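Colleague: need a structure here:
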Amino acid sequence: MKRPAITSAIAFITLALIPAGCGDGAREQADLIISGGTVVTVNAEMQVIEDGGIVVSGGEIVFVGSRQEAEKRYKAGDKIEASGKIVMPGLVNAHTHIPMVALRGYADDLPLEQWLKDDIWPAEAKEVTAEHVYKSSRLAIAEMISSGTTTFNDMYFYEEEVARAAKEAGMRAVVGEALVTPKSPDSQDAAEELERARDLILKYKDDPLIIPAVTPHSTYALSTDLLKEGISLSNEYGTPLHIHLSESAGEVATIEGKYGMRPVEHLDSVGGLGERTVCAHCVQVDGKEIALIKSRGAGVAFTIQSEMKLADGVPPVPAMLAAGLKVGMGTDGAASNNDLNMFEEMNSAALVLKAVSGDPTVADARSVVRMATMGGAEVLGLEDRIGSLETGKRADIIIIDLDRPKHVPMYEPHSHLVYVVDGCDVSTVVIDGRVVMRDGELLTVDEKKAMEEVRQIAEDLKKTRPDN
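Modeller: The predicted structure follows:
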């Protein structure tokens, strides 16, 4: 009659002797495990982990280390095998105008001022609508996700439609309603522009993916009064202030003639140069201005391909980095690039900055990879959330397929990312822990529909061209 009790005791003792960690029950539950591959972390040490493992739970990275340790400690409902691939932080497009994909190739081979005044602004005044902005944004988001961008910083009109498209696609975005004088395509006057900007801030100020900003176009495209009001609005809500600055020699001459100072100095004189300021381009800046930008804690987002195409010049990026500025990279809009491929920007930056400096050590591969990821995050004030693969950060991760002849061999991954990899090599994209592209298939945007819709917008634009 005592045998059952003895049997139970033996069973209890046996279970107690099983080592901790054996069996699925001892492993922590997570949402996603990425196993294998070369993990390029872009952390402070620029660490690279071979045969790595990344674990994601609740949209957050909870483990970065070896595959063996990740699989030993965690189990997950979804697992991505990344052997033979590169795993890295999502790219940050720190300056762009994504609805301008509808103007891709609309006006090329022109100086900046002529391009804007004679072609782009008239086309926007006639054809920019909320519907067009939304449809164009969906196509642009499909293009960016497909080429590895997980965060973008946008300035345009009907920006609430850009935010809507990004939110639907599960993409991280900094969005701002463009302020211009005397009016914009979506507003009748400055008061309405500011009202739209405020409405955008109030709608998205607590959103996990959409970060509202205030975006005065430039020191030359709006009055000083409107610029000051935009700065005040940014200060009121603590948003990023995103502005074109010292893009061309013509811009510098215009501002000097009007205010007796250069654009950087003028922006600073009205209180617009601060820790939340994103200075787009900064091609025509000197050492004094670089020091001023640094002293105010502002960041710079340069767009090397657009700047080359418009013949604006080459920004003094090596001097900016040497001064300790926050420096990120962007594509600008597709009307002046003509794509949204950040891997192309990385390659162009590395090559062009070497060519103009005469120094092959300038813009080394590690620095360029960092500018396209962590650097952009710092410029946008998001360095605590994105830009590197570290525990506690949001899971914005891309995986790059290396199973092509051009990728063999690979000696150093940072070099490979800058000089060999292109956007078309991106196979899988995770944003905020959500898989938005898997094995080359977009999961959150209907790209065929988006392409067809923008083809129709382009047909409508052709009918309104002055030379039609």
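Colleague: so, low pLDDT: which residues of the stretch 1-150 of the chain?
Modeller: The model of the stretch 1-150 of the chain has pLDDT under 70 over residues 1-25.
Colleague: mind listing the helices in it by residue range?
Modeller: Using DSSP state H, counting those that start in this stretch, the helices of the stretch 1-150 of the chain run over residues 3-17, 67-73, 112-114, 121-127, 130-146.
Colleague: how many degrees apart are the helix or strand residue 459 falls within and helix 130-146 in direction?
Modeller: Using DSSP states H and E, residue 459 falls within helix 447-464. Comparing the axes of helix 447-464 and helix 130-146 via axes from the mean of the first three to the mean of the last three C-alpha atoms, to 10 degrees yields an angle of 130 degrees.
Colleague: now for helix 447-464, which elements pack on it?
Modeller: Applying 3 or more C-beta pairs under 8 Å, 6 or more residues apart in numbering; DSSP states H and E, one finds that helix 447-464 contacts helix 121-127, helix 130-146. Heads up, the C-betas are built off the backbone N, CA and C, glycines and all.
Colleague: residues contacting residue 100?
Modeller: 136, 156, 333, 334, 335, 336 (C-beta atoms under 8 Å, 6 or more residues apart in numbering).
Colleague: nearest residue to it other than its sequence neighbours?
Modeller: When the adjacent residues along the chain are set aside, residue 100 lies closest to residue 333, with 3.4 Å between them (C-beta to C-beta, 6 or more residues apart in numbering).
Colleague: which SS class is the one you found?
Modeller: Here residue 333 is recorded as coil under DSSP: H, G, I helix; E, B strand; the rest coil.
Colleague: ok, it touching residue 96?
Modeller: Yes - applying C-beta atoms under 8 Å, one finds residue 333 in contact with residue 96, separated by 6.0 Å.
Colleague: which of the two has more residues huddled nearby?
Modeller: Higher neighbour count among residue 333 and residue 96: residue 96, with 29 against 26, using other C-beta atoms under 10 Å.
Colleague: so what's that one up against?
Modeller: 152, 153, 154, 155, 303, 330, 331, 332, 333, 340.
Colleague: and if you look at residue 454?
Modeller: 101, 102, 135, 136, 139 are the contacts of residue 454 under C-beta under 8 Å, 6+ apart.
Colleague: out of the residues you listed, the closest to residue 371 would be?
Modeller: Nearest to residue 371 among the contacts of residue 454 is residue 101, at 23.5 Å by C-beta to C-beta.
Colleague: I figured that closest one hits residue 139, correct?
Modeller: Yes - with contact defined as C-beta under 8 Å, residue 101 counts as touching residue 139 (5.3 Å).
Colleague: pretty sure residue 155 is in contact with residue 98, am I right?
Modeller: No - applying C-beta under 8 Å, one finds residue 155 not in contact with residue 98, separated by 9.6 Å.
Colleague: show me which of these two is the more surrounded one.
Modeller: Regarding residue 155 and residue 98, a neighbour count based on other C-beta under 10 Å identifies residue 98 as having more, with 30 against 27.
Colleague: my guess is the more buried one meets residue 149, correct?
Modeller: No - counting by C-beta under 8 Å, residue 98 sits too far from residue 149 to count as a contact (10.1 Å).
Colleague: need the overlap of contacts for these two.
Modeller: residue 340.
Colleague: who wins for neighbours among the contacts of residue 100?
Modeller: Going by other C-beta under 10 Å, residue 136 tops the contacts of residue 100 with 29 neighbours.
Colleague: now it: how far from residue 399?
Modeller: 27 Å (C-beta to C-beta, to the nearest Å).
Colleague: got it, and residue 320?
Modeller: The gap separating residue 320 from residue 399 is 31 Å, by C-beta to C-beta.
Colleague: try residue 416
Modeller: Noted for residue 416: a distance of 14 Å to residue 399, by C-beta to C-beta.
Colleague: the more surrounded of those two?
Modeller: More crowded of residue 416 and residue 399, by other C-beta under 10 Å: residue 399, with 24 against 21.
Colleague: wait, isn't the more buried one in contact with residue 84?
Modeller: No - contact status for residue 399 versus residue 84: not in contact, 10.5 Å apart, counting by C-beta under 8 Å.
Colleague: quick one: common contacting residues for those two?
Modeller: Jointly contacting residue 399 and residue 84 under the rule C-beta under 8 Å, 6+ apart are residue 37.
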